[in-house]
Structures are given as C-alpha cells and as structure tokens.
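Engineer: Got a sequence here, can you model it:
(2 chains)
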Number of protein chains: 2
Amino acid sequence: MAKHIIIIGAVALGPKVACRLRRLDPEADITVIDRDNLISYGGCGIPYYVGGDIADIEGLCSTTAHALRDPEFFKTCKGIQIIPRVEAVGINKKEKELKIQYLDDNRQETLAYDKLVIATGATPFRPPIPGADLPKVFTVSNLHTAKDIKDILSKGQAKKAVVIGAGAIGIEMAEALTDLWAVDTTIVEMADQVLPAALGKQVSKIVENQLENNEVKVMLSERVLKINGDPSSGVTSVETATGTLECDLVIMSAGVRPNTQFAAEAGLAVGSSGALLVDRCMRTTDPHIYAGGDCVELRNLVSGENMTMPLGSLANRQGRIIANNIHGRASQFKGTVGTFCIKVFDLGIATAGLTAGQAKASGFDPIHAIVAQHDRAHFYPDSKMMFITLIADAKTRKILGIEAVGNQGDAIKARVDAIAPLFQIGLNVDDVCVLETGYAPPYASAMDIINNAGNVLDNILEKRNNPIDVIDFIKKFEAGKIRVLDVRDAKEAAPLIEKYKDRWISIPQPELRTRINEVPNNVPLCLLCGTGARSYECQILLTQNGVTNTENIQGGYAMLAVTAPEFI
Amino acid sequence: MAKHIIIIGAVALGPKVACRLRRLDPEADITVIDRDNLISYGGCGIPYYVGGDIADIEGLCSTTAHALRDPEFFKTCKGIQIIPRVEAVGINKKEKELKIQYLDDNRQETLAYDKLVIATGATPFRPPIPGADLPKVFTVSNLHTAKDIKDILSKGQAKKAVVIGAGAIGIEMAEALTDLWAVDTTIVEMADQVLPAALGKQVSKIVENQLENNEVKVMLSERVLKINGDPSSGVTSVETATGTLECDLVIMSAGVRPNTQFAAEAGLAVGSSGALLVDRCMRTTDPHIYAGGDCVELRNLVSGENMTMPLGSLANRQGRIIANNIHGRASQFKGTVGTFCIKVFDLGIATAGLTAGQAKASGFDPIHAIVAQHDRAHFYPDSKMMFITLIADAKTRKILGIEAVGNQGDAIKARVDAIAPLFQIGLNVDDVCVLETGYAPPYASAMDIINNAGNVLDNILEKRNNPIDVIDFIKKFEAGKIRVLDVRDAKEAAPLIEKYKDRWISIPQPELRTRINEVPNNVPLCLLCGTGARSYECQILLTQNGVTNTENIQGGYAMLAVTAPEFI
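Structural biologist: Residues are numbered from 1 along each chain as shown, chains lettered A, B, ... in the order given. Below is the predicted model of the structure:
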C-alpha cells in the first residue's frame, strides 16, 4: 500500500522533501499544506525585491526556467498535491493523525499519515514595544508584507525609516530603502556593534562604516522604547533611550521564532530556543515525524552546542536527507558550521564558525589574527584589499572561526568556503598554513591570504608576533598611552607626523637595522606598516635587539583606513 | 655556533625559506645564490606583463609596498645575503660542501653548509624540433625572455604567432598575444584537447570554444615537425603534419623539466619525472639537504602517486615548512590535491584532483556528473551560468576530481576551493550533497551548484539518472542513432524542430504526465531541458511509466550552447 506522507509548510524544505520523495517513489501519496496561498518562494530574495534588483514578486516564486511555482505547477510538473490556506493545529502521535484547519472557512479536518514532516519555518519576532502594531510597522515575514512595503515605497509614502535590529535582514532592508528609494534610514541596534551574531568587533566596525558611507545611519547600544503614530495613518516616530527619530516606516528585524507551538503541544521535544530537536536523520522525538529548516535546532559542529540557523540553503540540503530517510535510505545531516555571508552595498562579508565572543562563551580560549592582503596577485590590475580574522583555540590550536570582508564578494566567500567545510574535522592552525587553494594571478596571491592568516596566527601563538587590534590601538593612542613607530616610507608617514607630532615616529623598514638605537625603549610602541607584515618583521628585529616594548598593529594602515578613516 | 644555511635559487621558495629562517633565528648565516641577476620575481605574472595588464617588468619584482626585491632589498630589509650570477655545480654530501661557479668569470668556489636547500626550479622544455633554436622562438622561462618577447611585440615585429602546446602557459600567452597586440595566433597541441593535464573532454571543449571566439585558432591532435626561418632574422613558418603555418614568432610551452642534474649527480634520489624525492618534511634522501618547489615530486593526495606540480603557490607554502624544519620545529607538507585555476579571456576555469582519464589510469572506476547552474540565486540580476564536472569512484563513492568553468572567475574558484581541501580526507558523494558553503542571493543559490553536482552524481550512481555528455550526444545524433525529446517550452523547442524535423520532438514537462503515450518507446531518446534538471525529472517519470530507452543530456541546452553553438 502506498505510504501517506504529509508535509506541513510549502516554502524551501517542504517542497524539496516532496519533490525528492516523488522522484524516489512514484506511488507515495504526498500532500503538502501551507497557511499561505503564496508558496515555494525565495524568501531570502525579499530585500532584493524591495530594493529593485528583482522587478516583480513573481521572480521570487518562479523556477530558473521562469515557471511560476504555484500548486498547479507542483501538480503537473512534480506530481505533488499542495493545499494552500490550511493550518496544522494538532498532532495525535498515537493514531498518526494530523488535525488541520482551513483558514478561509475555519473548517477542521483530520488527516492520517504514515510519516509527517514539519517544515513550518520561523516567524519574525515582533518585540513587545508599545506601538509595534501600528500601520507601517513591518516585519519581513513573507511576500505579502514584502509587497506592502514596496507599495508604500513606490508611492513615495516613506521619506524616513527606522530599522530595528542590525542583523542580516535589517542591514539588507536598510540597503534596499536607501539605495533605490533614497529613504533617510536609521538602524537602531541594542548591541554595541552591527551583525553581533556573526562578527567580532573589528570586522563589524568595517561594516558599520560601510553603512554610514552609504547614507545609512547606525545607532548602537540603543534601545527602542516606544513607537508613536496614528492607528489609521501609521507610525510617526520611534522613541529610543536617547531621543526621538521621526519616521513614516519601521522595519523590525529582531530575529525569528520557530513555529513549533502545535508540535510542542503534541509532546515533541523542543530545545531552549523553542525549535524542535532532531537527530542526524532529521527525526524528531517521534520516529514517524521528521522536521527541518528554520523550525529545528542543529548541532553547531564547532562548539558542539545546539543552535538555530534559519537559512534556505541549509533547509534545502536537509530536505533531501529527510526524503531519503522516509524512503528507507539512511542519510545524515550532521549539523552546521555556521557559514554565513551577506552583501552590504559593494562590500562582501563571509563568516563561519564562532566569533571570539561566542568561542569564549563556549569555554574555549580564543586567540585571533587579523590580516590585510590583496585578493589577486598584488601586481594584477584590479586587485582589492581584503581583511580576514582567523580565530583559534590557544590550547589546542584548533580553528574556531573565520571572518572575511572585502570588495569582491565572490573572492571573500571563496576564502571562507575553503576553510568552513574543514571545521567539522577539526582543522588546526598548521593545516591552514598549507591549505591548498587554486592559484593564478588573476584570482589569488601565490601565498594566499588564507595561508597568511594561518601563518600570522601561528606566529602569534608562538609569541613571535605581539599583536594589537586597530580598535584597541586607537583607544590606547587616544588615551595618550602609546607612541607609533611607522616603518613605511618616510613620505607615507609624513602626514601623520604632522598630525600627531612627536607621538608618531618614522623609521622606514630598510633603515631600521642601522637606526635601531633611535627607537625609544622606555615607552610602549605600536608598530605600523601598510598591512602588518613589514611591521611584524620589524618587531622581530627589535625583539632580537632587546626592544621588547612593542605591539604590532594588525592589518596596518589598510585596516586603519577602513576602521577609522578620521584617525588618519 | 651559528648555522650555515645555503639556499640554491632565489625565486619563490628560496627567498621564502631565507626570510622565514631569518625571522626564526637572528644568528643563522644564510646565503642565497642564483644563476640570474633578476631574482624573487613573480614568474606566473609573465603572461600578464606581456599582455599589458602589468606595465613594467619591475611590477613582477616588487613587493606589495612597491619596493624592488633586489639583493640590496634582501640585505637591508630581510637581513639576507643574495649572491646573483652563481651556479651550483656539485655537492659533496660527505663533507657538506657545495661547489659553485661564478657565471661572469667562471671562477669556482667551495662553500661549507650545515643545511642545504635546493630551490632550483624547472626550465621550460624545448622540444628537439629542427629550428627550435632559431631567433624569435621562445620559451617562457624568465624575465629576460619575457622582456625580449614584449620588445618584439611593442616594436610591431610580430604579426603572426604559433604557440606550441595548449597547457596553461601556452593559453595565457596566446591570450596576451591576441588581446593586447592583435597578433594572429594559432595554438598547436599534440593532444586532442586543450589543457589535457587538467580537464576532461567536455569542459576543455568550452575552453577551446572560448579561445576560438576570441580569435585564437586552435589545432588539436597536431604535431610540429619543423620550424623554418633564417638564423639571423628568425622564424618564418612552422611545419605541422598537415600543413605550414606562416609566423614571425613562436612560443614553446611544452611543459617544464626540473633543474636537478647536479643534485642527481651528487646521488640524491630523483623520481621518474627527474624531480627530487622528498619526504613530508621536504627533506631529500640526504638528511642535511632539503628541496622544494618546481624541482621536487609531491605526493598526489587523491591518487597516492607522485607528481610534479610547478606552482608558485605550492612553492611558497613549502618554503615555510622547510624553514621550520631547519630551525628544529617539526612541520609537514603532505602533498597536493592538484588544485589549478586559469583565466582565459573572460572565462574562469578551476580544477582539483584527477580528470576521469587520470583516475582510470590510476586504477579507479571513475563516474561523473556534469551540471549547469547559475552562480547566484537565479532571480538575482547578474547571475551567470556555470558548469561543473564532479568525478567519483563508482566502487567507493569517493570524490576524485572536480572541474568548474564560468564567467565569474572568483565564483568558479570558490566552488573548487570548497571541495579541494577535503580531498585529502577522502570525502564521498554524500558529503558533497550536504557540503555547507556560504549562502546569500548575491553569491549563490540556496541549493548551490556544488550540492547539486553531488546530488546528480548520487542519482547517477544510484542509476536513477541515466546521463549522456553533450559531446557524446552530438556524435550519436549526427550519426542518426537517436532522437531528442525536448521538454522545454514549445516555443523554445520550435527552432530545433524546424532544423532537425521529426528527429526533434517537443513535449513540455508540464504536459508530459498526460501525453506520455506520445513518447516513442522503440528508438533511443535523448532528453533535453535548459540545464538537465527538468529532463532528469522527466526521465524518472518516463522510467516509472515503462519508457526506459532514454538518456538525459547533462547540462542541457546551456551546455549545448557553450559546447556546440553551431548545433543549435
């Protein structure tokens, strides 16, 4: 007898399970239900639809061959039945029955299943702020709100916007509002940096500057107290702890919450995040019920802890695993290494693993290197500077995380993708030093930035390189605690000597061997060169000559330029 | 007492060993000798210098900070002594002495060493063809020949060129000659494809078309018999087995030979390639002599066999390993997975591991999938098609190789770099299906091409997908052996029905379920869609309905368009 498979949720994972299962088994009785009438859309494309990169909402619901992915498409092309506007309201695990409710007429029905798949995703969190339910206060939750937001923008009804939360969605939406619609946009973030879940302070500062340079205002360590407005005409301002921001549009991007209430009520185990617990076969605590995507917790393969990672890419990969297992073929999804990337105007950012903060919270002893280097051979014409933070555990030398940022996004992603898949086997610093990636002058340096990041981190671990991050350097310098030894060409150092007088000393690297007695031995010194490589060599030379009061500014002048342009 | 270290060779690996060693040990007595007066240059940049991407030869001998890397630079900045114009002529291993000869006055001298490093690199092979020593017949060996070639070009003295060998250097030089200098260029290659050491037939055909589309003529399976010309004015033509090519410039790019004669004569073991054998510490068969770079054999971590891999990137990474070991710190270089990339006009190509042919020769049972997919989310504006061949061993499902090609080179390299480092741990097809790489719509699809390549290969291994490569399909079709079932939209199929009449059948995928009785069951059928994904679904449907005479054209119409534009 044919198996009855019911799948709850028709975006990303749900359709993937259904289609794969149909290809594996022509006889299976497969039904997919969804609360919405718009299904199987690329939700991660919403900011690009709002920002005009994608002209029509249909672009997000179509296949590569421009077929609209509606229930009719799934029926004729995929042999799958999809029932829209239906909500799952209860599970009777013992009888293997799902209770559903039709949203248009509130009719309830009970469906029998052999295997049930929960792919209900997550819903944007709407913080309990007074006024959060006013008109023109949106979360980025589905295509309906996407349409509503774009409608307001295209009618010119938004001049000033406040985005609450500087996570990925908040930043992408701020870019969309500013770049195409020239809306005066402010991001308000509770943490003291942007992208707090993905980045350490140093790289996040580059992203923050990128936003400010592109007309997006960023307010950090700031709490929204109240949203003011009129229940009919909508929001008029946002009150924060330090003032009032006038606006006629608010986007809330304060994270998501998994849609698991009915499943938890049925007795399926959920983790501390509220998301469902699944094993490596993506099975819940009931052997006949699978779950995947944004509504489950995944094992973080670096920390070993559970986490949620709401990404369409992970959901799609899990979908195939679930279908295989339902069909009787053992397939496993081990977890995630937390790979993440985002485009912020013309800047690409990619990360994987843990930030230093997360690593510390997970009981590691994180130590990091920051390197600046060209993304092509430095002699190749369109080479651009990129920056990488590489984090390892000081005790075990195991790599814990990587953050990369630069102007050629594909090249940035390439560096992180070369490391990230290795996290699951526990690579160490020495493995990174010799990591083999493709080399040709148009695409990389002979010694790629990845290898150099490993080398620098090794030197730091071996205590040959005594580093200081640019943001820490600036704090110390502004507090008057240190002087700078600039080992670049004298003419490069000149403007900073003029600005900072005797606190800025110039001895170019080629002269250092013979002028070593000019180096002050009695005050803390920070060494600066273009990227941190020559200053490291100078630090070694100084140390070998008994000058040990030095710190090497990581990423050098290149990092200063993107971190604190006003300083130089 | 300070150690005496002598390093033979001052390009790439040699200087790297010297500089790292100096940083580790201020006391060591480090001497680097080289035959040339130009040292420490980026040899892989020569085609870009000839092609005008790099204006001056100094660009290839300078640091990122624009300092010229000459002996003076190494002395003042690095604390390293470099002696140019000196050749190593003999090693007395017992006494630990190196005999050298000064090239300018033939004076010989004997230097004592504690540790010796052989970094003599490789010399381009000059095939023993009559006329190979005529003026204006060049190998791409060093900056002197690079200058000579550019000199001829900039004086307008070359109108027609023949490049012998379609390896990386030959192709890069052909691009340089054609693109900037508009020289009428023909590549003559003995093998039946371009890049025979790096690519399988299908992807190499795309590269061949790319060359032809950019005015570079390609002659395959062709042998050069003789080079004609005048001993004073130079080459006038190249005779091949099938005709005569007039030309006034010849570039020979027929591979390289390691410079190891004096080392072999001293009794150091060399492999079948003539390159030195080294262990994982980069030690030769004499414990006091290290070697690395283009003059050593490396373990291929996929096949387990030894190979040479003359790449500046590998040399630099080995340099650090050698310095560490000399300093007394255990460091290992396990080998190579054969990662390779090249830019051919606006096309990027990256590969790793073995080609199907190499895999077969190494005793594997290779099976492959070819996929076509966009490099960004398909709805994202500037997405371009890319193509990947993924090769596995049919018995063990272990991944053996990957080849990728497309217009956004960094994105191409990213895909190969995400897989290549995993070769050394023996990843299998299932690992690729769930490989986690960065996802955001501007940089990737939710189901990345890497994962899809794994999925397709899994389906082929599981015999659910019965594939045919485009080049095989065309042969069969032109031999009248097969018909095509085109499952794209009827209007997309129309031009091909007009061209190929009843040999081209159109049933769009959405109609296939209801029109399945129209599908001819008595002749071999090839299924075509845009990229091979929908035709796979149709193949499943047909198989489930008893129509089993089908093959699925891998990469679909997209692959046809880049393989055989004249066919469509």
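
Engineer: From chain B, how far out is the nearest residue to A:D286 once chain neighbours are set aside?
Structural biologist: Counting by Cβ to Cβ, 6 or more residues apart in numbering or on different chains, A:D286 lies nearest to A:K93, which is 5.1 Å off, once chain neighbours are set aside. For every residue, glycine as well, the C-beta is placed using N, CA and C. Using Cβ to the nearest Cβ, to the nearest Å, one gets 28 Å for the distance from A:K93 to chain B.

Engineer: Can you name the residues of the stretch 101-250 of chain A sitting close to chain B?
Structural biologist: A:A168 (Cβ under 8 Å from any Cβ of the partner chain).

Engineer: Would you point out which residue of the stretch 101-250 of chain A is nearest chain B?
Structural biologist: A:A168 (7.9 Å; Cβ to the nearest Cβ).

Engineer: quick one: contacts for the closest residue to A:G348 other than its chain neighbours?
Structural biologist: Leaving out its chain neighbours, the residue that sits closest to A:G348 by Cβ to Cβ, 6+ apart is A:G409, at 2.6 Å. Contacts for A:G409 (Cβ atoms under 8 Å, 6 or more residues apart in numbering or on different chains) come out as A:C341, A:K343, A:L347, A:G348, A:A350, B:P442, B:Y443.

Engineer: related to what we said a few turns ago, backbone torsions only: list them for the closest residue to the residue of the stretch 101-250 of chain A closest to chain B other than its chain neighbours.
Structural biologist: Nearest residue to A:A168, sequence neighbours excluded (Cβ to Cβ, 6+ apart): A:I342, at 5.2 Å. Backbone dihedrals for A:I342, given as degrees, to the nearest 10, come out at phi -160, psi 140.

Engineer: Need the pLDDT of A:I342.
Structural biologist: A:I342 is assigned 98 on the pLDDT scale.

Engineer: how much space between it and A:I187?
Structural biologist: 14 Å (Cβ to Cβ, to the nearest Å).

Engineer: And for A:N228?
Structural biologist: 19 Å.

Engineer: quick one, which of the two is more surrounded?
Structural biologist: Neighbours per residue (other Cβ atoms under 10 Å in any protein chain shown) separate A:N228 from A:I187, with A:I187 holding more: 26 against 15.

Engineer: right, and the more buried one touches A:K217 too?
Structural biologist: Yes: at 7.1 Å, A:I187 counts as touching A:K217 under the criterion of Cβ atoms under 8 Å.

Engineer: sorry, back to before: tell me who's in contact with the residue of the stretch 101-250 of chain A closest to chain B.
Structural biologist: A:L195, A:A198, A:F340, A:I342, B:A440.

Engineer: Filter these down to the ones in helices?
Structural biologist: Residues of the contacts of A:A168 located in helices (DSSP state H): none.

Engineer: Format the residues you listed as a markdown table; extra columns: distance to A:I83 and neighbour count.
Structural biologist: Shown next, in a markdown table, are the contacts of A:A168 (distance: Cβ to Cβ, whole Å; neighbours: other Cβ atoms under 10 Å in any protein chain shown):
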| residue | distance to A:I83 | neighbour count |
| --- | --- | --- |
| A:L195 | 38 | 25 |
| A:A198 | 37 | 23 |
| A:F340 | 34 | 24 |
| A:I342 | 35 | 26 |
| B:A440 | 31 | 28 |
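
Engineer: of those, closest to A:L245?
Structural biologist: A:L195 (21.0 Å; Cβ to Cβ).

Engineer: what sits against the closest residue to that closest one other than its chain neighbours?
Structural biologist: Nearest residue to A:L195 in three dimensions, chain neighbours excluded: A:S204, at 5.5 Å (Cβ to Cβ, 6+ apart). A:S204 makes contact with A:Q193, A:V194, A:L195, A:P196, according to Cβ under 8 Å, 6+ apart.

Engineer: Can you tell me the SS state at the first one?
Structural biologist: The one in question is A:Q193. coil (DSSP: H, G, I helix; E, B strand; the rest coil).

Engineer: tally of neighbours for it?
Structural biologist: 20.

Engineer: show me what contacts it?
Structural biologist: A:A166, A:L199, A:K201, A:S204, A:K205, A:E208, A:L220.

Engineer: Quickly list what A:E246 is bridged to.
Structural biologist: A:S237 (DSSP bridges).

Engineer: picking up where we left off before, hmm, A:T284 and the residue nearest to A:D286 touching each other?
Structural biologist: No: contact criterion Cβ under 8 Å: A:K93 and A:T284 do not qualify, at 9.7 Å.

Engineer: so where is chain A shaky, pLDDT-wise?
Structural biologist: A:1-2 (pLDDT under 70).

Engineer: So which residue is dead centre in it?
Structural biologist: A:F340 (4.2 Å; Cα atoms, centre = their mean).

Engineer: so it makes contact with A:L354?
Structural biologist: No: assessed by Cβ under 8 Å, A:F340 is found out of contact with A:L354, at 11.6 Å.

Engineer: returning to what we had before: export the contacts of A:Q193 to JSON lines and tack on secondary structure?
Structural biologist: Output for the contacts of A:Q193, formatted as JSON lines (three-state DSSP):
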{"residue": "A:A166", "secondary structure": "coil"}
{"residue": "A:L199", "secondary structure": "coil"}
{"residue": "A:K201", "secondary structure": "helix"}
{"residue": "A:S204", "secondary structure": "helix"}
{"residue": "A:K205", "secondary structure": "helix"}
{"residue": "A:E208", "secondary structure": "helix"}
{"residue": "A:L220", "secondary structure": "coil"}
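
Engineer: Throw the residues you listed into TSV and include distance to A:T236, thanks.
Structural biologist: Compiled in TSV, the contacts of A:Q193 are given as follows (distance: Cβ to Cβ, whole Å):
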residue	distance to A:T236
A:A166	23
A:L199	33
A:K201	34
A:S204	31
A:K205	32
A:E208	27
A:L220	24
